[in-house]
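Let me see the structure of the following:
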Amino acid sequence: MTEGIIFDMDGLLFATEEVYYQSTQQVADALEIPYSREFYLNYLGISDAELFENYYRDFAAFGREKVDQFIKQSYDVTYDVFDQGIVPVKKGAEELLKWAKEQNIPCVVASSNARSAIETLLDRAGLTDYFAAIFSAEDVTLAKPDPEIVEKAAGFFKTEKKNLVMLEDSLNGLKASNAAGVPVFLVPDLMEPTIEMENLATKVFPDLLAVKDYLANNN
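You can find the predicted model right below:
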């Protein structure tokens with residue numbers, strides 16, 4: 001029996017990964033910084049702080065001031081898209097959330113993103129009321145793959161970890177869930193799952209609608 005569901009956000013609940021890429025590529029092109037989809041995918045699933053450290057290292061030749069400009073402008077463009085409420089909700093997300101609410105199964109968000117981004121996206125999509133709590137980058141010292149955020153999210157529920165399920169799309173999220181001892185379902189986003197990802201996942205699903213159908217038939 002599943003008694004609680006922990007949702008990742010980026011690439012799992014919302015199709016934000018493509019928004020991040022397109023926004024960043026737009027700014028990189030304007031600043032003549034050599035950015036690419038391959039570069040973006042290479043750092044998929046890490047925290048903003050870690051990403052920015054990599055920017056400063058990889059683009060050191062452009063100077064710190066220009067990298068600062070790159071980061072700020074990319075952030076501004078991305079958040080403008082968030083604020084417009086045009087980021088697509090992933091297939092099956094609303095159906096899964098409605099089903100969980102009908103079954104009195106509480107849901108929480110556990111994302112390495114900033115709380116402001118999480119709250120904005122949930123609000124614009126009309127999904128805020130489906131979540132009993134939000135755990136964000138501000139609530140932890142270390143981002144995924146460290147298990148801290150999953151541990152905190154699991155602690156919200158009054159049940160054993162084996163009765164929970166975490167929904168993830170990234171390798172770091174899978175590692176965090178495993179380290180925390182929480183069963184994890186993999187729902188791939190931009191990248192095809194690797195053998196390592198499939199081995200870390202309790203189950204693999206093509207989308208959240210398939211997750212909803214599975215839980216409905218096994219709860």
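
other SSEs contacting the host helix or strand of Ile149?
Taking DSSP states H and E as the definition, Ile149 sits inside helix 148-156. Under the contact criterion of 3 or more C-beta pairs under 8 Å, 6 or more residues apart in numbering; DSSP states H and E, the helices and strands touching helix 148-156 comprise strand 4-7, strand 107-110, strand 133-135, strand 164-168, helix 171-180. Heads up, the C-betas are built off the backbone N, CA and C, glycines and all.

Tell me the helices and strands packed up against the second one.
It stands for strand 107-110. strand 4-7, helix 93-102, strand 133-135, helix 148-156.

re earlier: which one of the helices and strands packed on helix 148-156 lies nearest to Ala49?
helix 171-180 (13.4 Å; C-beta to C-beta).

Now do that closest one against strand 164-168, angle only.
160 degrees (axes from the mean of the first three to the mean of the last three C-alpha atoms, to 10 degrees).

Moving along the chain from helix 171-180, name the first helix or strand you hit.
Beyond helix 171-180 on the C-terminal side, the first helix or strand identified by DSSP H and E is strand 184-186.

pLDDT of that following strand, averaged?
Here the mean pLDDT over strand 184-186 is 98, rounded to a whole number.

ok, the residue lying farthest from the centre of the chain to Ala49 distance?
Seen from the C-alpha centroid of the chain, the residue lying at the greatest distance (C-alpha atoms, centre = their mean) is Ala61, 30.7 Å away. Computed with C-beta to C-beta, to the nearest Å, the distance linking Ala61 and Ala49 is 22 Å.

Asn217 too?
Counting by C-beta to C-beta, the separation of Asn217 from Ala49 is 40 Å.

Look at those two and report which has more neighbours.
When Asn217 is set against Ala49 and neighbours are counted by other C-beta atoms under 10 Å, the residue ahead is Ala49, at 11 against 7.

contacting residues for that one?
Shown here is Ala49, whose contacts under the criterion C-beta atoms under 8 Å, 6 or more residues apart in numbering are Ala143.

host element of it?
Following DSSP H and E, one finds Ala49 within helix 48-58.

Could you single out the most deeply buried of the helices and strands packed on strand 107-110?
strand 4-7 (a mean of 25; mean count of other C-beta atoms under 10 Å).

for that strand, packing partners?
The elements that strand 4-7 packs onto, with contact taken as 3+ C-beta pairs under 8 Å, 6+ apart, are strand 107-110, helix 148-156, strand 164-168.

how about these in a markdown table, adding mean pLDDT and distance to Gln22?
Below are those laid out as a markdown table (pLDDT from 0 to 100; distance: least, C-beta to C-beta, whole Å):
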| stretch | mean pLDDT | distance to Gln22 |
| --- | --- | --- |
| strand 107-110 | 98 | 23 |
| helix 148-156 | 97 | 27 |
| strand 164-168 | 98 | 23 |
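
Out of these, the one nearest Val187 is which?
strand 164-168 (6.1 Å).
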